[in-house]
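>>> Sharing a sequence plus its predicted fold:
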Amino acid sequence: MPTAAGLLFAVALAVMLIGAINYNLGLGHALVFLLVGIGLVAMIHTFGNLFALQMTPGRAEPVFAGDPARFSLQINNRGRRSRRAVELAFAGQATVIVDVPPVEQVSVLVPCATQHRGLLEPGRITLATRYPLGLFRAWSYPFPVWSCLVYPKPIHLPLPPSSVSGLVEQHRGDVGQDDFAGLRQRQDSDPTRHIAWKAVARRAEEQPLLVKQFAGGGTEELWLRWSLTTAADDEDRLSILAGWVLAAERQHARYGLELPTLRLSPARGPAHRAACLRALALFGRTA
């Protein structure tokens with residue numbers, strides 16, 4: 001279909017043609033017919049810029065609510081011509097413009113705004129182009145089957161002291177109370193008796209307070225419970241729990257998550273962090 005520039009171009013040609021007929025100008029006719037031919041060739045090239053492109057959806061990494069989700073898309077051009085200025089966008093979202101060289105595959109990340117937690121399904125994507133002259137626009141509406149997990153937007157609050165249990169079962173190699181294993185930066189929930197005062201006194205101007213880490217012996221398990229959140233709104237409670245999960249992971253603590261309908265045993269690491277955040281994202285919703 002013609003763009004606004006294409007319609008203006010057609011109106012200008014019509015005015016030129018009327019003037020050439022009125023004044024019987026042979027060169028005027030030739031110029032008009034030349035420009036019409038260029039416009040028709042541009043229309044064919046605009047269509048060919050999208051024709052036979054192959055698209056393969058990729059994986060979308062989870063994000064927190066409020067951050068843009070980025071959906072990976074592979075565009076494969078098996079033709080011998082470059083595909084220029086290919087536009088990709090979700091409805092009402094920012095447009096990404098990419099060039100695809102001949103006989104090559106290009107990976108592109110298409111952004112989509114997020115507002116709420118849960119499973120985001122962006123729907124169809126608009127694939128369009130105005131190349132080469134901007135007089136015509138060709139488009140298509142691919143509908144890849146993809147989704148993105150959106151975590152609750154974290155609210156960063158100190159870890160509740162009441163959620164830290166006493167020493168429990170033995171975990172060799174975990175944080176315990178027997179053998180000194182090193183120093184780390186102090187967090188708000190660390191007891192003052194673990195502060196390495198001698199190390200801090202030697203380098204007081206260079207770094208914040210340090211606490212001692214121990215290996216062997218018992219460990220402290222941190223429980224992040226729904227009942228420990230003080231917010232009245234369920235979404236705010238989930239956001240507080242998300243902030244606690246991130247804080248506990250930064251401290252390398254063993255932590256568990258307890259929701260009204262789910263209980264995850266204490267652990268730590270990227271896999272456990274992802275499992276906890278996924279449970280918060282899908283709380284009360286169907287995956």
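Okay, I see it.
>>> use CA for all of it now, contacts and neighbours both
Fine.
>>> looking at it, residue 65 is touching residue 155, isn't it?
No. Residue 65 lies out of contact with residue 155 (C-alpha atoms under 8 Å); the separation is 11.4 Å.
>>> Neighbour count for these two, which is higher?
Neighbours per residue, other C-alpha atoms under 10 Å: of residue 65 and residue 155, the larger number sits with residue 65, 21 against 16.
>>> Tell me the confidence at the more buried one?
We note a pLDDT of 94 for residue 65 in this prediction.
>>> What residues does it make contact with?
Contacts for residue 65 (C-alpha atoms under 8 Å, 6 or more residues apart in numbering) come out as 114, 115, 116, 117, 150, 151, 152, 153.
>>> what about the strands in the stretch 1-150 of the chain?
54-57, 63-64, 69-77, 83-90, 96-100, 104-112, 118-120, 125-129, 138-140, 148-151 (DSSP state E, counting those that start in this stretch).
>>> Point out the one among the ones you listed that comes closest to residue 11.
strand 138-140 (20.6 Å; C-alpha to C-alpha).
>>> That closest one - contacts with which helices or strands?
For strand 138-140, the packing partners by 3 or more C-alpha pairs under 8 Å, 6 or more residues apart in numbering; DSSP states H and E come out as strand 125-129.
>>> just the CA coordinates of the strand it packs on, formatted as PDB?
Only the C-alpha atoms of strand 125-129 are listed here, as PDB (Å, rounded to 0.1, in the frame of the first residue of the first chain):
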ATOM      1  CA  ILE A 125       4.600  -9.200  15.500                       C
ATOM      2  CA  THR A 126       4.500  -6.800  12.600                       C
ATOM      3  CA  LEU A 127       7.200  -7.300   9.900                       C
ATOM      4  CA  ALA A 128       7.300  -4.400   7.500                       C
ATOM      5  CA  THR A 129       9.500  -2.400   5.100                       C
END
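>>> tell me the domain ranges of the protein?
1-151, 161-281 (automatic domain parsing).
>>> By mean pLDDT, show me the worst of these.
Comparing mean pLDDT across the domains of the chain, the weakest is domain 161-281, with a mean of 74.
>>> need the longest helix for the protein.
Counting residues, the longest helix in the chain under DSSP state H turns out to be helix 26-48.
>>> And that helix, what's buried?
Using 16 or more other C-alpha atoms under 10 Å as the test for burial, helix 26-48 gives 28, 29, 31, 32, 39, 42, 43, 45, 46, 47, 48.
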